[in-house]
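1. One predicted model, sequence on top.
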Amino acid sequence: MVSDNDFELLSQFSQALNRITSPDTLPELVDAHARRLLGGVDLCLLGYDSDAKQLHSLLYVAGGQRLPAPNAPQGLPDAARLRAALHEGETTIAPQSDGRAWLCAPLHAGPLPLGLLCALLPNPAPDQRRLFTLFAGQTAAALGRLAAQRALDERTQQFETISAVTQSLASTRDVDRLLDLILDKALELLEAEAGSVMLSVPDTAELEFRVVRGPARDDLLGVRLPGGAGLAGAVTATGRPLLVNDAPADARWFDGLDASTRFATQAILTVPLLHQDAVLGVLQVLNKRSGAPFTAQDQALLTAFAGQAVIALENARLLAQTDQALQQRVQELEVLQQLDRALNTTLDPARVLTLALDWLLRICAGAAGAIVLVDEDKRPLRHAAQGYPPEFERLFFTGEPISAGILGDVLRTCRPHVTGDVRADPRYVAAAPATQSQLTLPLVHQQRLIGGVALESDRPDAFDAALAARAERVTTHAAAAIANALLYEKVHAANQAKSEFVSLASHELKTPMTAVRGYAQLMLSGMAGELTERQRGFLETIVANVARMGRQIQDLTDISQIETGRLALVWAPVDFAHIVSDTLQTVQALYDEKGVRMALDLPPDLPLVMGDQGRLVQVLTNLLSNACKYSPAGTQVQITLRADMLAARPNRPGEPPIPMVVCAVQDQGYGISAEDQQRLFTKFFRAQDPNIRQSKGTGLGLSISRGIVELHHGRIWVESTLGQGTTFSFAIPQA
């Protein structure tokens, strides 16, 4: 029977086993406790490699000495008996010729064999066999725990490796570099000799070697496997991984590559690169460096890795496509910006049409093209054309509504059209002899058809959908510029007609007004007889209103001449002191009558200016008259002159300052709101302030003043605070 002392030793052995954390310490522990429990017996601890299906020695003690552990220690039962003992699950006895016997106890963790513990005992009794079996059971439990821990550690390490590799893959955007990295990490993960990444070829069933590692690298890159060929073809067809540890014996193995590359494939593991149920290709690794076969665990590991690799690969592809699309969009925006700049340099409709056509032909690589503007009945109004024979315009732009050909259909439907082969389209009207394909677009502005565009190429199918969409966006920009040019042309024509009418009407009114003023003054002089006080009052009112009408007509005449560019200036060096002197003589009576004071700050060394003295007097008169008109009685108007360096057009960045003389008129009047300041220099504008509305005026004085100052290459501006007063300033270049 097993004694209490034996149970105590077994308990101590169990406790010692529970404390170990490394498989390397297990053999020493087994040896030490076996000596105490069983005495100085020969002992052998064999481990079992389930992948290689082989036993290997972990501990060998003979004659009381621990010897090197060869794979097959001498004196053990034969391999067949050991394998039988391993799988039978019970302790077996192998008698020896010298009267001793080997006790062989299988070491199992559940159904999985882990190894054997063998002891050579002299005539082992049943109690010794039972004691040995208990000792082997504790050893098996410890070995199973260590094996499980080792498997868990390996699994954890593998997933940590996959996680690290995934991060590395995610940071790689270049598809080719990513494919290299995927294969290198797969080989590292499974410690394989060689491998490859094959990708499916679009529109065919072939697989192309994109990345190869191993002796066959240079021979395989770019090679394509026929559809369904080999293990890779089988994986592509099924979408499931395939593990083959004896490739030459597998009928699906495509051995043509080994024959051409002089590489011997034994074990091969192939997993699909799956994305949304589509097989993008396969990842294949060959031959473990250790010579061991691939396992189901290896297959699961590589499949998990391949899933992460596909995500990184698709992300890289999407990023590459996005980057390419973004780059194309940026380039297109740059082109549109350049186009806008070019179109904004002119408001001449003919020039705008020519520029727009140039850009469209350049962008679309067209050989010929035309832009035609039409009215509501589709009659051509004007056009621009390039690349056509001389008779083109005479034949196609006759003034009749455009209804024939592809252009007629596009104008009618207001939808773009791409013709890949004009010879196959019966609607095509031949214009350029070499034309093979045509892109036709409607020209639309604010949902209104204003014309059409025809772009022709001497190549078939020259206009794809992307190019057509790009050309459509360009025509949208061009349509806005063309509409603006047409609108400007109409506005300019209307302004010209208005100015000519005002000039003519002003001229025609001057003759009867002169007669009215002359006869009224004659009657006031008494040449027509004595007048009563009432009659004299009526005549004085007539003379005053005729004079007022004369000033208004003169203002209208000035505005008309400024707008039409016909206001003549008499250029000469002018002393601003003379301008101020002439102006004060005109407005002094107005100031005296209202009780507004004037103060003048005129430096004695003020430089001369180059200009028309009479017109500059007109500007200063307008400003001083307004200052008096909109100032309460008892306040003061300050006139200040100074030399300064100013830019004539401050709204143009980079314009250099030039020497000028600045004249500022500052009042203490009602002030002007910020909103009214924005419109102050426009024609006929009157502020809504009742203090200003109570004074009569046409709203032309400031507009005329600005026109005169700008004709002198100067500038005029206002600064005002509501309720505190206003300062009008104008600057004229020095002579």
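-> Yes, it's here.

2. make it CA atoms for all contacts and neighbour counts henceforth
-> Noted.

3. Leaving out chain neighbours, which residue sits closest to Ala267?
-> Counting by C-alpha to C-alpha, 6 or more residues apart in numbering, Asn245 is the residue found nearest to Ala267 once chain neighbours are left out, at 3.9 Å.

4. is it true that the one you found touches Ala292?
-> No - using C-alpha atoms under 8 Å as the test, Asn245 is too far from Ala292 to be in contact (9.0 Å).

5. and the two? which has more neighbours close in?
-> Using other C-alpha atoms under 10 Å as the criterion, Asn245 and Ala292 rank with Asn245 on top: 18 against 13.

6. got the contact list for that one?
-> Shown in contact with Asn245 (C-alpha atoms under 8 Å, 6 or more residues apart in numbering): 266-268, 293-294.

7. Lowest pLDDT pick from those residues?
-> By pLDDT, Gln266 ranks lowest within the contacts of Asn245, coming in at 83.

8. Tell me how far that one lies from Arg289.
-> According to C-alpha to C-alpha, to the nearest Å, Gln266 and Arg289 sit 11 Å apart.

9. Looking only at neighbour counts, state which of the two leads.
-> Gln266 (16 against 13).

10. helices or strands next to the top helix by length along the chain in the packing?
-> Across the chain, the helix with the greatest residue count (assigned by DSSP state H) is helix 465-525. Helices and strands touching helix 465-525, by 3 or more C-alpha pairs under 8 Å, 6 or more residues apart in numbering; DSSP states H and E, are helix 296-343, helix 349-364, strand 437-445, helix 533-564.

11. how about 7 Å then?
-> helix 349-364, strand 437-445, helix 533-564 (3 or more C-alpha pairs under 7 Å, 6 or more residues apart in numbering; DSSP states H and E).

12. coming back round to it: among the contacts of Asn245, name the ones in strands.
-> Ile268 (DSSP state E).

13. residues touching Ala309, list them.
-> Ile182 (C-alpha atoms under 7 Å, 6 or more residues apart in numbering).

14. one step back: out of the helices and strands packed on helix 465-525, which is the most enclosed?
-> With neighbours taken as mean count of other C-alpha atoms under 10 Å, the helices and strands packed on helix 465-525 reach their highest mean count in strand 437-445, at a mean of 25.

15. got the angle for it vs helix 349-364?
-> 140 degrees (axes from the mean of the first three to the mean of the last three C-alpha atoms, to 10 degrees).

16. how about the helices of the stretch 551-700 of the chain, start to end?
-> Counting by DSSP state H, counting those that start in this stretch, one finds helices in the stretch 551-700 of the chain at the ranges 576-594, 613-629, 674-677, 690-693.

17. among those helices, which is the most enclosed?
-> The most buried one of the helices of the stretch 551-700 of the chain (mean count of other C-alpha under 10 Å) is helix 613-629, showing a mean of 21.

18. what packs against that helix?
-> helix 576-594, helix 701-711.

19. mind running it again at 6 Å?
-> helix 576-594 (3 or more C-alpha pairs under 6 Å, 6 or more residues apart in numbering; DSSP states H and E).

20. Leaving out sequence neighbours, find the closest residue to Leu103.
-> In space, Leu103 is closest to Ile93, 4.8 Å off (C-alpha to C-alpha, 6+ apart).

21. next one: Leu449
-> Leu443 (6.0 Å).

22. these two touch, right, the one you found and Ala454?
-> No - using C-alpha atoms under 6 Å, Leu443 is not in contact with Ala454, being 10.3 Å away.

23. rank the helices and strands packed on helix 465-525 by pLDDT, which is bottom?
-> Across those, helix 533-564 gives the lowest mean pLDDT, at a mean of 72.

24. In contact with Leu103, which residues?
-> Shown in contact with Leu103 (C-alpha atoms under 6 Å, 6 or more residues apart in numbering): 92-93, 118-119.

25. could these be laid out in a markdown table, adding secondary structure, distance to Gly47 and pLDDT?
-> A markdown table is the format used below for these (DSSP: H, G, I helix; E, B strand; the rest coil; distance: C-alpha to C-alpha, whole Å; pLDDT from 0 to 100):
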| residue | secondary structure | distance to Gly47 | pLDDT |
| --- | --- | --- | --- |
| Thr92 | strand | 17 | 82 |
| Ile93 | strand | 19 | 86 |
| Cys118 | strand | 11 | 87 |
| Ala119 | strand | 15 | 86 |
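
26. Pick the one among those closest to Arg415.
-> Cys118 (91.0 Å; C-alpha to C-alpha).

27. what number of residues lie near the closest one?
-> Cys118: 25 neighbours (other C-alpha under 10 Å).

28. got it, and Asp458?
-> 17.

29. Check the one 5 residues further on too.
-> A count of neighbours around Phe463, defined by other C-alpha under 10 Å, yields 23.

30. Quick check: phi and psi at it.
-> The phi and psi values for Phe463, taken as degrees, to the nearest 10, are phi -120, psi 100.

31. per-residue confidence for it?
-> 87.

32. What of Val580?
-> 92.

33. show me the contacts for the nearest residue to Leu199 once chain neighbours are set aside.
-> Nearest non-adjacent residue to Leu199, counting by C-alpha to C-alpha, 6+ apart: Gly281, 4.0 Å away. Shown in contact with Gly281 (C-alpha under 6 Å, 6+ apart): 198-200, 273.

34. In strands, which of those residues fall?
-> 198-200, 273.

35. Please point out which parts of the helix or strand encompassing Leu411 sit buried.
-> For Leu411, the element it lies in under DSSP states H and E is helix 405-413. Residues of helix 405-413 classed as buried by neighbour count (16 or more other C-alpha atoms under 10 Å): 406-411.

36. what's next to that helix, contact-wise?
-> 402, 427-429.

37. got the angle for it vs strand 437-445?
-> Using the same axes, to 10 degrees: helix 405-413 against strand 437-445 is 30 degrees.

38. tell me the mean pLDDT for helix 405-413?
-> 88.

39. do the same with stretch 13-28
-> 80.

40. And that stretch, end to end?
-> End to end - C-alpha to C-alpha - stretch 13-28 spans 12 Å.

41. Mind listing what's buried along it?
-> Those buried within stretch 13-28 under the rule 16+ other C-alpha under 10 Å are 13-14, 17, 26-27.

42. can you list contacts of stretch 630-638?
-> Outside stretch 630-638, the residues touching it (C-alpha under 6 Å, 6+ apart) are 594-599, 665-667, 669.

43. How far off centre is that stretch?
-> 60 Å (C-alpha atoms, centre = their mean, to the nearest Å).

44. gap between the two ends of it?
-> 14 Å.

45. can you check stretch 652-659 too?
-> Using C-alpha to C-alpha, the two ends of stretch 652-659 sit 17 Å apart.
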